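> Any chance you can model this:
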Amino acid sequence: MLRSALVAGCAAALATGALIAAAPAGASELAPHHMSPHSAAKKAPAASGNNLAYGGGNIVTAPKIYVVYWGNQWGTGSTVTNDPSGEAALQLSFFQHAYGSGDTFFTSQTQYCQGVAVGTTQCGTSGTHVGHPASNPVGGTWLDSSAKAPTKPSDSQIAAEAKKAASHFGVSGDNVQIIVDAAHGVVPSGFKTQYCAWHDHTTASNGADLPYTNMPYVSDAGTSCGASFVATGSSGVNAATEGVTIVGGHEYAETITDPAPSSGWVDSTGAETGDKCAWISSGQGASAIISLNGANFAVQSLWSNNYGGGAGNCVVSYTSATNQH
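Purely as a prediction, here's the structure:
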């Protein structure tokens, strides 16, 4: 959710005199689902006027994900040992399965492109489209146990850790997503009360652009950030950690379509592809358990401009402009 929408969602808290600090400039956030009326969250806009439009910036043509486990709270050596909810393994498995024909979830975002006129809503075959990995998109993981991470890290500290991780991996540029994972008990400023996660971009040490995600220990927020949001049935998905992949998928989809918020694909209110479909519990685009290359995960839907002949709506599966739901 973008900052403008977040402020509206927090109006009740502000009215009571609570002071909520601003989000980092340009960042795009996923707010806790209790922050806006639940009845409103169930319905996604479907009018063509609410479709995403191209803002003239870059998109991600060859996605590559790098994860840094920030601080010795995760463990003191090179292996994660302190992870009570098993978030690190779940997150890694989710992204490792997000590729090829076995993933029909993130494929919905390949309809968006760059190199077309500002304001474009349908790329067709024009431009250079968002990429979909043919194989595992995870380029590496790193436990940065060199020091203890701040217990309440600031936005600038998170950006600095992303830059440090990029230097460690030797990467930069808009095709890279650095995910800065906070450990259990670490509460980045605003987590739980303002957002579940957010993504933004900074400048790498070589001067190139660097998209990154602030990914708190989501299960610490419980149902506020996705725990038990989707009925798991016999899927084998752990209800307590559903938020890890719901939130993670939201931020990844927004990173590949809008790596430098909000210069890529956003609607007329500034909402990105994940924002438009967050916390839908029934009807078209309801959050669901999906299979990625044979493994099951909880996800929220993502916005498709192509849905309904260009009317647009939220989808959890996409194999073509005419085969999506």
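
> Quick one: neighbours of residue 288, just the number.
17 (other CB atoms under 10 Å). C-beta coordinates here come from the backbone N, C-alpha and C atoms, glycine included.

> give me the beta-bridge partners of residue 66?
Residues in a beta bridge with residue 66, per DSSP bridges, are residue 140, residue 178.

> What segments of the chain are helices?
For the chain, applying DSSP state H gives helices covering 3-9, 11-15, 38-41, 87-96, 155-169, 242-257, 307-310.

> now for those helices, which one comes closest to residue 138?
helix 87-96 (5.2 Å; CB to CB).

> What residues of the closest one count as buried?
87, 88, 90, 91, 92, 93, 94, 95, 96 (16 or more other CB atoms under 10 Å).

> Can you tell me which of the residues you listed lies closest to residue 113?
Distances from residue 113 to the buried residues of helix 87-96, taken by CB to CB, are shortest for residue 95, at 22.7 Å.

> my guess is the closest one meets residue 252, correct?
Yes - in this structure, residue 95 is within contact of residue 252 by CB atoms under 8 Å, at 7.2 Å.

> shared neighbours of the two, which are they?
Shared contacts of residue 95 and residue 252, defined by CB atoms under 8 Å, 6 or more residues apart in numbering, are found at residue 65.

> Not counting sequence-adjacent ones, nearest residue to residue 165?
residue 68 (3.8 Å; CB to CB, 6 or more residues apart in numbering).

> Could I get the average pLDDT for stretch 142-154?
Mean pLDDT, stretch 142-154: 97.

> For it, C-alpha coordinates in PDB please.
Provided in PDB are the C-alpha atoms of stretch 142-154 (Å, rounded to 0.1, in the frame of the first residue of the first chain):
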ATOM      1  CA  TRP A 142      23.800 -14.500   3.300                       C
ATOM      2  CA  LEU A 143      23.700 -14.500   7.100                       C
ATOM      3  CA  ASP A 144      25.200 -11.200   8.100                       C
ATOM      4  CA  SER A 145      26.200 -12.100  11.600                       C
ATOM      5  CA  SER A 146      28.900  -9.500  11.900                       C
ATOM      6  CA  ALA A 147      26.900  -7.600  14.500                       C
ATOM      7  CA  LYS A 148      23.600  -7.400  16.200                       C
ATOM      8  CA  ALA A 149      20.900  -5.800  14.100                       C
ATOM      9  CA  PRO A 150      19.200  -2.800  15.800                       C
ATOM     10  CA  THR A 151      16.100  -4.000  17.700                       C
ATOM     11  CA  LYS A 152      14.100  -1.200  16.000                       C
ATOM     12  CA  PRO A 153      16.000  -0.400  12.800                       C
ATOM     13  CA  SER A 154      15.200   2.800  11.000                       C
END
